[in-house]
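In: Compute the structure for the input listed below.
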Amino acid sequence: MNILILGGTSFTGPHTVQHLVEAGHQVTVFHRSLSSRLADAINQIQGDKADLADFADQFRAAKPDVVINMICFTESDAHLFVNTFSGLVPRAVIISSADVYRAYGRLHRTEPGFPDPVPLTEDSPLREKISIDGEGYNKTAVERIVANTSDLATTVLRYPAVYGPNDAKNRLYPFLRRMDDGRPTILIEDVMANWRFTHGYVEDVAYATFLAATQEQAIGRIYNVGQQDMPPWGEWIRQIGAAAGWTGEVVPLPRQKLPAFLRWDEDFAQDWLMDTTRIRQELGYSERVTSSEALRRTIDWERANPPGNIDPAEFDYAAEDRAQPA
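Out: From the prediction side, this is the model:
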């Protein structure tokens, strides 16, 4: 197959490309800056997504069977994508997010109500209001627009929180730094200890994207993607510690006893856990990397690539010591 990827050079993209190339597919990547992280054998088209329509002739010349859109974030992005690719390519894979669910609104208190039951299936209620991310990241609008496009068959992947090497959010760093600094305890709010939040390792999420792009039974379907047996938050931190060689303890405390910089504002009565049964049964998805190996690889990268904008106030160990139970 000829596969065109929009974006695809930063995080999950290069792993998706690798899966496709290893399976014998021809890959073209459209991105605003040519990337050395991609295999020399693939074709790269340099351009900005705001000018997507200007590249229609180059896209057509690549003769794509499928386009994977990894850079569709807003309502205007979706309209531009649909207008450019309707009639140009038979089908598309759209990267969406778990934040489309109403549970995300419950968690962030933008949509009041009782917690939605989890795990969230692809048919669970979606948000009715804009999320805390605003119009600049509105995947519910993206999904709605592509779903209403009759001449472009689509598959939607709802990504979890993705971790791994090259994670721009350095998701593990706040815990790993404390572990590497020899902290004997890591403090969390007591209601967070049993909170569950679906993650996915970058190579596994990329494999799910590969399957969605290359299997016809994915046409017209929506799939949750993520780790199948996600532990509660407190246990997740312990697993990170075990992989990092840390021997300390995770200590849950009431919110009022925590330093202000360790208090999160979310409503942790609402878990943010997704059911990934559909993609496993329909596309044969399973993790390619064990949880322990995924954490090891991530930790190695996090240690070598700490974030450049560290706020010392977020690591006030004296305040953490004062909060410790007597």
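
In: quick one: residue 6 and residue 66 touch, right?
Out: No: applying C-beta atoms under 8 Å as the test, residue 6 and residue 66 come out as separate, 11.5 Å apart. For the C-beta atoms, the positions are set from N, CA and C on the backbone; glycine is no exception.

In: of those two, who's got more company?
Out: Higher neighbour count among residue 6 and residue 66: residue 6, with 27 against 23, using other C-beta atoms under 10 Å.

In: what's across from that one in the sheet?
Out: residue 30, residue 69 (DSSP bridges).

In: For it, give me its contacts.
Out: Contacts here follow C-beta atoms under 8 Å, 6 or more residues apart in numbering; on that basis residue 6 touches 30-31, 49, 52, 67-72, 81.

In: any weak-confidence spans in the protein?
Out: 34-37, 39-41 (pLDDT under 70).

In: Quick one: the helices in it, in order.
Out: 12-22, 56-61, 75-85, 102-107, 139-147, 173-180, 202-214, 233-244, 277-283, 291-304, 317-323 (DSSP state H).

In: what about these, which gets the closest to residue 256?
Out: Closest to residue 256 of these is helix 317-323 (C-beta to C-beta; 10.0 Å).

In: how much distance is there from that closest one to the middle of the chain?
Out: With C-alpha atoms, centre = their mean, to the nearest Å as the basis, helix 317-323 stands 32 Å off its chain's centre.

In: Also stretch 19-35?
Out: Using C-alpha atoms, centre = their mean, the offset of stretch 19-35 from its chain centre is 20 Å.

In: circling back: closest one to residue 263 among the helices of the chain?
Out: For residue 263, the closest of the helices of the chain is helix 317-323, at 10.9 Å, according to C-beta to C-beta.

In: Just the buried positions in the closest one, please.
Out: Neighbour-count burial for helix 317-323 flags residue 320 (criterion: 16 or more other C-beta atoms under 10 Å).

In: which helices and strands sit right next to that helix?
Out: Applying 3 or more C-beta pairs under 8 Å, 6 or more residues apart in numbering; DSSP states H and E, one finds that helix 317-323 contacts strand 185-189.
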